[in-house]
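Peer 1: Give the three-dimensional model of this entry:
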Amino acid sequence: MHQHLTPLDETCFQIPQPQALRPLQPSSHPPKILLLYGSLRERSYSKLLTLEAARLLEAMGAEVRIFDPLDLPQPDAAPDAHPRVLALREAAAWSEGMVWCSPERHGAMTGILKSMIDWIPLSLGAVRPTQGKTLALMQVCGGSQSFNAVNQMRILGRWMRMITIPNQSSVAKAFLEFDEAGRMKPSAYHDRVVDVMEELVKFTWLTRDVSPYLVDRYSERKESAEALSKRVNQKTI
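Peer 2: Sure, this is the predicted structure:
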């Protein structure tokens, strides 16, 4: 059929169909968003920013969960059946979108946030806890504004096969941006956080019902077909 595309496996090749991006019965439940932050300090500005984001998301109609990294073991230092690991993985599976917020430490995201992500595998049997889900990124800075942490997390989000939204937040001199009660003060930084959460909710609505189709890939269909053929046609010993 496609003689000019001879390397193709015709049984796996599909022409994208726009109607497949229009669900017959769109979901009506609130968007389910999991928020992760990467600090254990008593007054953690990444946690305060995460709490601010959670309040905004709830005001926009989302259902939110915040995972506390305290007592989460380092990857490979505990079995997968560790209660905190199971709690994190259950929350990841529950979510339709995520928010990752990290301090910038030594020009990078923190090991605490990276450990949380490392505990969430690309696949758990037939379940892929992050693939096709939306992702928003934020960071807090102790000094001038930087984007090192969000840039790192953006690479990681792509690796986790998530739909990372274009907008992001970086709060400079975060110690000046929160009051004694831990609430974020009015500022352009706060306005950007509102922008990011609004965009996350919109992208989650837009993609959550069609994410399996969005991330369906020719290479994986081909691999699956080859594996099936090999299993079906294997000789009986």
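
Peer 1: Next, give phi and psi for the residue nearest to Val210 when sequence neighbours are not counted.
Peer 2: Among residues not flanking Val210 along the chain, Leu21 sits closest, at 5.2 Å (C-beta to C-beta, 6 or more residues apart in numbering). From N, CA and C alone the C-beta is placed, and that goes for glycine too. Dihedral angles of Leu21 (phi, psi; degrees, to the nearest 10) stand at phi -90, psi 10.

Peer 1: dump the residue contacts of Leu21.
Peer 2: Val210, Tyr213, Leu214 (C-beta atoms under 8 Å, 6 or more residues apart in numbering).

Peer 1: now these as TSV including pLDDT and secondary structure?
Peer 2: Converted to TSV, the contacts of Leu21 look like this (pLDDT from 0 to 100; DSSP: H, G, I helix; E, B strand; the rest coil):
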residue	pLDDT	secondary structure
Val210	92	coil
Tyr213	88	helix
Leu214	89	helix
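
Peer 1: right, and out of those, which lies closest to Thr50?
Peer 2: Leu214 (26.7 Å; C-beta to C-beta).

Peer 1: Distance to Ser27 and neighbour count for the contacts of Leu21 - can I get that in JSON lines?
Peer 2: Listed next are the contacts of Leu21 as JSON lines, based on distance: C-beta to C-beta, whole Å; neighbours: other C-beta atoms under 10 Å:
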{"residue": "Val210", "distance to Ser27": "11", "neighbour count": "16"}
{"residue": "Tyr213", "distance to Ser27": "14", "neighbour count": "14"}
{"residue": "Leu214", "distance to Ser27": "15", "neighbour count": "15"}
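
Peer 1: after the strand ranked longest in the chain, next one along is what?
Peer 2: Secondary structure of the chain read by DSSP state E shows that its longest strand is strand 163-171. Remark: after strand 163-171, the chain's next helix or strand is helix 188-207, criterion DSSP states H and E.

Peer 1: Can you dump the C-alpha atoms of that next one in PDB for me?
Peer 2: Provided in PDB are the C-alpha atoms of helix 188-207 (Å, rounded to 0.1, in the frame of the first residue of the first chain):
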ATOM      1  CA  ALA A 188       4.400  38.700  39.800                       C
ATOM      2  CA  TYR A 189       5.700  35.400  41.100                       C
ATOM      3  CA  HIS A 190       2.400  34.600  42.600                       C
ATOM      4  CA  ASP A 191       0.600  35.600  39.400                       C
ATOM      5  CA  ARG A 192       2.900  33.100  37.500                       C
ATOM      6  CA  VAL A 193       1.900  30.300  39.900                       C
ATOM      7  CA  VAL A 194      -1.700  31.000  39.100                       C
ATOM      8  CA  ASP A 195      -0.900  31.000  35.400                       C
ATOM      9  CA  VAL A 196       0.800  27.600  35.700                       C
ATOM     10  CA  MET A 197      -1.900  25.900  37.700                       C
ATOM     11  CA  GLU A 198      -4.600  27.300  35.300                       C
ATOM     12  CA  GLU A 199      -2.700  25.900  32.400                       C
ATOM     13  CA  LEU A 200      -2.200  22.500  34.100                       C
ATOM     14  CA  VAL A 201      -5.900  22.100  34.700                       C
ATOM     15  CA  LYS A 202      -6.700  23.100  31.100                       C
ATOM     16  CA  PHE A 203      -4.200  20.600  29.700                       C
ATOM     17  CA  THR A 204      -5.400  17.900  32.000                       C
ATOM     18  CA  TRP A 205      -9.000  18.400  30.800                       C
ATOM     19  CA  LEU A 206      -7.800  18.400  27.200                       C
ATOM     20  CA  THR A 207      -5.700  15.200  27.400                       C
END
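
Peer 1: Please consider this matter closed, and thank you.
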